[in-house]
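A.B. asks: Have a look; sequence and predicted model below, questions after that.
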Amino acid sequence: MDDPADGVVLELAKTDRAAFGALFDRHAPAIYRFAAHRVGQGPAEDVLAETFTRAFAARKGAYTIEGSLRAWLYAIASNLIADELRRRERSSAAHERLRSLTTAQFAPDAGVATDPELLRALEGLRDEERETLLLLAWGELSYAEIALVTGVAIGTVRSRLNRARSHLRAVLDGSASEVA
Amino acid sequence: MSTREDMSPELERLRTAHSQIPDPDPALLSMVRQRVLDAAAQAPSRRRRTRRPLRRLGLVAAAACVLAGVTAVSIDIAPEGGGHGGLPQVSAIEQARAALAAPGAIVHYTVALSRDGGERLSRDPRYSDCNAGPLEVWRATNPTRWRAVQPVSDNPACGTMDLSQGMGPVVAPRLEVSYANGLTSSYVPGRNVMLVINDEKAPADGERRAPSSATNAASIQLFSTPPVRKPTRDVKQSAFVDTRPPDPVSDVERLLADGELRDRGESVRDGRRVRVLTAGWKRSAGNQIFDTTTIEYVVDAQTFAPITATSTTRREDSGATASTHATFAGYERIQLTAVSEKLLEIQPERPPKVIEQTIEQIKNPGRP
């Protein structure tokens, strides 16, 4: 859950640029790590900067209750990450897919990229299922926040998570059987 | 709901993988932070400067009309942009603002809040007394100072809010909030504790922020009426279009101060001649529009005293809408004297426990 003071600080930020810095300090590390896991540390820096730049520009219309502000920031970051991944996919196609799907969906040097079974399981998911699952597991967002981020009903979030987790279980259990 | 409660193996494996992603270097964060604030400093103001000459022109024209004894009267709501012959648009906004800030007087009124569907649960005997009454407000200007009193139910089934900054829960019989000289005070007499937020270094900022404290107090009226606004997250809230605190009053205050309300002209509501002022905005992230909010502020056509303020939010994906209504009553002006001045101050019956916070401490929690 967000710090309950988020709403207070956001109110301050509507008229005080310095107060916006406090929101940055509070949320930037988690959003950076979320972005870095998807697109790598260098591009994550750009995602982070652009997320908060856009958030500042739109701050007067932002949510002011706990949880929602974080969801709002993740919504912006997720759009930017998706843009970056699409750009890489186009780049990969142009280069006859010299780059693997791994680098198209996740940072190549850390995290899930070091767990091939998990990576394969994630690659088998539909984009929207993968996004929902990662917002839950990595963003630690609630179902309600994920619904806000992805712009769907909470029931849709639940069904996407069910499908994603079932798929992961099936693939990971299958991998375990193969190893056994 | 905490996602950490979900400890399934596949999620734990994902989280373990994520734990390998290092925290960002503080120097990197500092650099990006500065980049963002620099960009913010260069961003153009949202306010539309080009409208100012029109406002001045409107004021001059309105003044000319008054001098000439001309009265502009219209029954129908004007098209967007408001006004009648382009004359009274600015005048209506200015007069609506002045009605809440009468020179040499204390403006006194009450504000009752309701939300769509709230009446259903309020008929449930378990919650029938949850709304203990409207917010009562006394306010004066030059300099701005005010006090607001929100009655609080003693029925534990109704829930309450937990004030931040170490104040703890709001309990019966009331919550009082006041603003003066850069100090915003919140007082819970039932626990004899008072939070004082010090904005003395920038009183103009404090003056602008303070109304949202009164509106938060007023939102106690909506506890245990759907949509419930609990201090803890409830996933069922997502069934509603908007989980923001209902805020038409401070929205109106801000829009009046910014001159962003538009005059839609005169109309008749419940047999009463009224003036209708509106504003609206979209909440978006990038190209994605989440929802659209409209504010309708209705004032008396003659006195410009507040009558209602309605905030309506429409969700773009589902088309669902939700509204919060503020109904003003008992509007009066009280002559400002040394005695009536006391109405603007919180008067504890005995010395309260006081928690003081500077605005810098709130901006940077955890720092001394």
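C.D. replies: On my side now, so go ahead.
A.B. asks: count of neighbours near the residue nearest to residue B:353 when sequence neighbours are not counted?
C.D. replies: Once flanking residues are discounted, residue B:353 sits nearest to residue B:193: 4.7 Å by Cβ to Cβ, 6 or more residues apart in numbering or on different chains. (C-beta placed from N, C-alpha, C; glycine too.) By the criterion of other Cβ atoms under 10 Å in any protein chain shown, residue B:193 has 20 neighbours.
A.B. asks: Tell me who's in contact with residue B:193.
C.D. replies: Contacts for residue B:193 were tallied using Cβ atoms under 8 Å, 6 or more residues apart in numbering or on different chains; they are B:167, B:168, B:187, B:352, B:353, B:354, B:355.
A.B. asks: Rank those residues by pLDDT and give me only the lowest.
C.D. replies: Ranked by pLDDT, the contacts of residue B:193 bottom out at residue B:167, which scores 75.
A.B. asks: Could you measure from that residue over to chain A?
C.D. replies: Applying Cβ to the nearest Cβ, to the nearest Å, the value for residue B:167 to chain A is 11 Å.
A.B. asks: Hmm, residue B:187 and that residue touching each other?
C.D. replies: No - taking contacts as Cβ atoms under 8 Å, residue B:167 lies outside contact range of residue B:187: 9.6 Å.
A.B. asks: Tell me which of those two has more neighbours.
C.D. replies: Between residue B:167 and residue B:187, residue B:187 has the larger neighbour count (other Cβ under 10 Å), namely 24 against 19.
A.B. asks: okay but residue B:151 is in contact with residue B:133, surely?
C.D. replies: Yes - Residue B:151 lies in contact with residue B:133 (Cβ under 8 Å); the separation is 4.1 Å.
A.B. asks: just to revisit the earlier point, what sits opposite the residue nearest to residue B:353 in the beta ladder?
C.D. replies: Beta-bridge partners recorded for residue B:193 (DSSP bridges): residue B:188, residue B:353.
A.B. asks: so where's chain A shaky on pLDDT?
C.D. replies: Applying pLDDT under 70 to chain A flags residues A:1-17, A:59-68, A:89-105, A:108-110, A:175-180.
A.B. asks: could you redo the last one with a cut-off of 90?
C.D. replies: Low-confidence segments of chain A (pLDDT under 90): A:1-27, A:38-46, A:50, A:52-76, A:79-80, A:82-125, A:127-128, A:140-155, A:169-180.
A.B. asks: for it, what spans make up the helices?
C.D. replies: A:6-13, A:17-39, A:41-57, A:68-94, A:101-105, A:116-123, A:127-137, A:143-150, A:154-179 (DSSP state H).
A.B. asks: Let's have those in TSV, adding distance to residue B:138.
C.D. replies: Formatted as TSV, the helices of chain A follow (distance: least, Cβ to Cβ, whole Å):
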stretch	distance to residue B:138
helix A:6-13	23
helix A:17-39	29
helix A:41-57	36
helix A:68-94	32
helix A:101-105	59
helix A:116-123	59
helix A:127-137	46
helix A:143-150	38
helix A:154-179	42
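A.B. asks: and residue B:108, which of the ones you listed is closest to it?
C.D. replies: With Cβ to Cβ, the closest approach to residue B:108 among these belongs to helix A:6-13: 25.5 Å.
A.B. asks: Out of the helices of chain A, the one nearest residue B:328 is which?
C.D. replies: Minimum separation from residue B:328 across the helices of chain A (Cβ to Cβ) falls at helix A:6-13, 22.6 Å.
A.B. asks: Let me see the contact set for residue 150.
C.D. replies: Unless you meant another one, I'm taking chain A. By Cβ under 8 Å, 6+ apart, residue A:150 lies in contact with A:75, A:78, A:128, A:131, A:132, A:135, A:157.
A.B. asks: My question was about chain B, not that one.
C.D. replies: Listed by Cβ under 8 Å, 6+ apart, the contact partners of residue B:150 are B:135, B:136, B:174, B:175, B:176, B:177, B:217, B:218, B:220, B:221.
A.B. asks: pLDDT score for it?
C.D. replies: pLDDT recorded at residue B:150 is 91.
A.B. asks: That one should be in a helix, yeah?
C.D. replies: No - assigned with DSSP: H, G, I helix; E, B strand; the rest coil, residue B:150 falls outside any helix and is strand.
A.B. asks: distance of it from residue B:133?
C.D. replies: Per Cβ to Cβ, to the nearest Å, residue B:150 is found 8 Å from residue B:133.
A.B. asks: tell me, what's touching the two both at once?
C.D. replies: Common neighbours of residue B:150 and residue B:133 are listed as residue B:221 (criterion: Cβ under 8 Å, 6+ apart).
A.B. asks: How about the backbone phi and psi for residue A:139?
C.D. replies: When read as degrees, to the nearest 10, the backbone of residue A:139 gives phi -80, psi -20.
A.B. asks: That one: what's it in contact with?
C.D. replies: If you count contacts by Cβ under 8 Å, 6+ apart, residue A:139 has them with A:30, A:34, A:74.
A.B. asks: Where does pLDDT dip in the stretch 101-250 of chain B?
C.D. replies: The stretch 101-250 of chain B contains residues with pLDDT under 90 at B:101-105, B:112-133, B:139-145, B:153-171, B:181-184, B:195, B:197-250.
A.B. asks: in it, which spans are strands?
C.D. replies: Counting by DSSP state E, counting those that start in this stretch, one finds strands in the stretch 101-250 of chain B at the ranges B:105-115, B:135-140, B:145-151, B:162-163, B:168-169, B:174-180, B:183-188, B:193-198.
A.B. asks: and residue A:50, how many neighbours?
C.D. replies: Neighbours of residue A:50 under the rule other Cβ under 10 Å: 21.
A.B. asks: List the contacts of it.
C.D. replies: A:76, A:80.
A.B. asks: Which element, helix or strand, includes residue B:275?
C.D. replies: Assigning secondary structure by DSSP states H and E places residue B:275 in strand B:272-285.
A.B. asks: Counting by contacts, list what that strand packs against.
C.D. replies: Applying 3 or more Cβ pairs under 8 Å, 6 or more residues apart in numbering or on different chains; DSSP states H and E, one finds that strand B:272-285 contacts helix A:68-94, helix B:89-99, strand B:262-269, strand B:288-300.
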